[in-house]
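**Q** Next one to model:
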Amino acid sequence: MTAEGAPERTAASIAAAFAARPEVQAVALGGSQATGAADAGSDIDLYVYAEGEVDLAFRAGLAEARAARREIDNRFWETGDEWDEAASGIHVDVMYRSPAFAEDELARVLDRHEARIGYSTCLWHNILTSRGLFDRDGWFARLQASARRPYPQALAQAIVAKNHPLLREAFGAFGGQIRRAAERGDAVSVNHRTAAFLASYFDILFALNRTPHPGEKRLLAQALRLPRTPRGMAADVDRLLGSGTMDAAALVLAVEALSDGLDALVRSDA
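**A** The predicted model follows:
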């Protein structure tokens, strides 16, 4: 760590400011800064776990003191604040969660074994890999401890059952939607349905490997490190994404190749 503005120092400084707020139960560093995969362009992802809303004036004042360019209380996804640190230029993304929300998300996958269409276990992965910077009464440490358990067989089966038919078997399967969109020259729909196909594809693949889903960044590279992957997966993904968008025949071949490879893993897992 160098210097003023280094990510570790910046994250610790921001966490210390939040620690002074009585409603804040914990602050955790997530993303590549926590996993050791950060590069020069990586931002700082901070998760603030609080009972109720953290005072908006406090949040605005914290960002104002640290940055000229800032965005406070965006609610596009999780409630959050973002800014570029004036001292270093590094981007900071602060996300706010209630402890009850995090506990329920863990229960959803680990106890109730409920799947989603794509990205079913991302929050589990986020909790497992985050690094606690402030933990008022040990709640975050207990949450992480409860997350450190074997991948439930029933969860893997639920993820496959929900997502696998959507690759090409169901009437509304993404593969068929991609083909029909290409045939009508609908480039926006091709891209949208291709993203959905890959979301379900990788959700299944991580489930078959009994590994929590790491999220969308560097996803193919992370998938290639799994112990069980379809042969030729990287080339097939490249073919799907680079097949000329409106070439329906090429898109169908890429979808079929990816689906065939994954089917073999699904059968071997049964």
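
**Q** what's around I117, how many residues?
**A** Neighbour count of I117, defined by other Cβ atoms under 10 Å: 14. All C-beta spots, glycine's among them, are computed from the backbone N, C-alpha and C.

**Q** now F76: how far from I159?
**A** Taking Cβ to Cβ, to the nearest Å as the criterion, F76 is separated from I159 by 26 Å.

**Q** S120 touches I204, doesn't it?
**A** No. The criterion here is Cβ atoms under 8 Å, and S120 misses it with I204 at 9.4 Å.

**Q** So F76 and I159 - more neighbours on which side?
**A** More crowded of F76 and I159, by other Cβ under 10 Å: I159, with 27 against 6.

**Q** Remind me which helix or strand the more buried one belongs to.
**A** For I159, the enclosing helix or strand under DSSP states H and E is helix 153-163.

**Q** Show me what that helix is packed against.
**A** helix 187-208, helix 248-269 (3 or more Cβ pairs under 8 Å, 6 or more residues apart in numbering; DSSP states H and E).

**Q** now it, how far from the centre of its chain.
**A** 18 Å (Cα atoms, centre = their mean, to the nearest Å).

**Q** That one vs helix 248-269, what angle?
**A** Here the directions of helix 153-163 and helix 248-269 differ by 160 degrees (axes from the mean of the first three to the mean of the last three Cα atoms, to 10 degrees).

**Q** Return the set of buried residues in the next helix or strand along the chain from helix 153-163.
**A** Per DSSP H and E, helix 153-163 leads on to helix 165-168 as the next helix or strand towards the C-terminus. Neighbour counts over helix 165-168 (16 or more other Cβ atoms under 10 Å) mark 166-168 as buried.

**Q** L29: helix or strand, and which one exactly?
**A** Assigned by DSSP H and E, L29 belongs to strand 24-30.

**Q** tell me which residues in the next helix or strand after that strand are buried?
**A** Of the helices and strands lying after strand 24-30 in sequence (DSSP H and E), the nearest is helix 32-35. Neighbour counts over helix 32-35 (16+ other Cβ under 10 Å) mark 32-34 as buried.
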